[in-house]
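K.L.:
Okay, predicted coordinates and the sequence, questions at the end:
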Amino acid sequence: MDASLLLALTAAGFGAGFTQGLAGFGSTLVALPCLVLVMDLRQATPVACILAIVLNAVLACRLGGHVRTRALGLLLAASLPGMAVGAYGLRFLPDPWLKGLLALAILGYVAWFVGRSGPARRAGWKFGVAAGFLAGSLGAAIGVNGPPVVAFVSRLGIDRNAVRGTQTAYFFLAGIGVVASQAAAGLVTGQVLARTAVAVPALLVGLAAGMAGCGRISEAAFARVILAVLVLTAASLLVQVAAG
């Protein structure tokens, strides 16, 4: 394994763990930009998704008592058909299309995050169905299922622990479904598993650091840095698409 690949896997693991530990979501948004620098998106996506399962398994043990099961069930049921669509897209769509889709998903998340303003109208079941299907599709195709889920759960009128607990339970269970759909499409290879294993130690260190800093680092300051990195990453992906 060359140094650039090892560095990218370590950076992806630590960044994903730290972000998830601090904010409760966003691991794949941070991991994927590091991974696509050194590997094909068809490899990077399942690596990031498996790392997310590890993270959310740990966090689910801490937040399991706060899960809102009805909202969770609605999201999961709506996600299943979306996962099949997304896995098909990951296998057969050209790489530039996938990179463009990832860039647009990142920019869409940034726009949603920046545009939030005060309490929003409470979300209904139709919003939940749409969010679940979109999350399933994006999760299987490009590994980014967080934005629709966060947008829905944050509008349920529940406390912060319930929001984090419900999101974490969804990300863990849906992550298993996403990786299973990717495996069925032949995308979870021995090389993918080996590269994931290399990133796990840094992932756990990052998770511990993020959880330790949760009450010490301003989430607003951290969010500004992450958003800037995401915008630059999306711009880089779009340049790659334009260059062919």
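P.N.:
Here it is on my side, so go on.
K.L.:
Can you name the residues that contact the residue nearest the centre of the chain?
P.N.:
Closest to where the C-alpha atoms of the chain average out (Cα atoms, centre = their mean) is residue 28, at 3.6 Å. Contacts for residue 28 (Cβ atoms under 8 Å, 6 or more residues apart in numbering) come out as 16, 48-49, 51-52, 143-146. From N, CA and C alone the C-beta is placed, and that goes for glycine too.
K.L.:
do you know how far it is from residue 50?
P.N.:
Relative to residue 50, residue 28 is positioned 10 Å away (Cβ to Cβ, to the nearest Å).
K.L.:
Who are the contact partners of residue 129?
P.N.:
Residue 129 touches 74, 78, counting by Cβ under 8 Å, 6+ apart.
K.L.:
pLDDT score assigned to it?
P.N.:
Per-residue pLDDT puts residue 129 at 93.
K.L.:
The one 10 residues further on now?
P.N.:
At residue 139, the predicted lDDT confidence score is 82.
K.L.:
where does the chain dip in pLDDT?
P.N.:
116-121, 214-215, 217-219, 221-223, 225-226, 229, 243-244 (pLDDT under 70).
K.L.:
So which residues of it form helices?
P.N.:
3-23, 27-35, 41-63, 69-92, 95-115, 125-142, 146-153, 160-184, 190-213, 219-243 (DSSP state H).
K.L.:
quick check: angle from the second one to helix 95-115?
P.N.:
What separates the directions of helix 27-35 and helix 95-115 is an angle of 130 degrees, with axes from the mean of the first three to the mean of the last three Cα atoms, to 10 degrees.
K.L.:
Could I get the buried residue list for helix 27-35?
P.N.:
Neighbour-count burial for helix 27-35 flags 27-35 (criterion: 16 or more other Cβ atoms under 10 Å).
K.L.:
Let's have these in JSON lines, adding distance to residue 220.
P.N.:
JSON lines is the format used below for the buried residues of helix 27-35 (distance: Cβ to Cβ, whole Å):
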{"residue": "27", "distance to residue 220": "20"}
{"residue": "28", "distance to residue 220": "22"}
{"residue": "29", "distance to residue 220": "17"}
{"residue": "30", "distance to residue 220": "17"}
{"residue": "31", "distance to residue 220": "22"}
{"residue": "32", "distance to residue 220": "24"}
{"residue": "33", "distance to residue 220": "22"}
{"residue": "34", "distance to residue 220": "24"}
{"residue": "35", "distance to residue 220": "27"}
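K.L.:
Phi first, then psi, for residue 26.
P.N.:
phi 100, psi 10 (degrees, to the nearest 10).
K.L.:
what does residue 188 give?
P.N.:
When read as degrees, to the nearest 10, the backbone of residue 188 gives phi -90, psi 90.
K.L.:
what residues are up against it?
P.N.:
46, 50, 179, 182.
K.L.:
Give me the spatial nearest neighbour of the second one, chain neighbours excluded.
P.N.:
The reference is to residue 50. residue 196 (4.7 Å; Cβ to Cβ, 6 or more residues apart in numbering).
K.L.:
can you check the last one too?
P.N.:
Take residue 182 and drop its neighbours on the chain: the residue closest to it by Cβ to Cβ, 6+ apart is residue 46, 4.9 Å away.
K.L.:
what about that neighbour, how many residues close to it?
P.N.:
Using other Cβ atoms under 10 Å, residue 46 has 24 neighbouring residues.
K.L.:
All good on my end, thank you.
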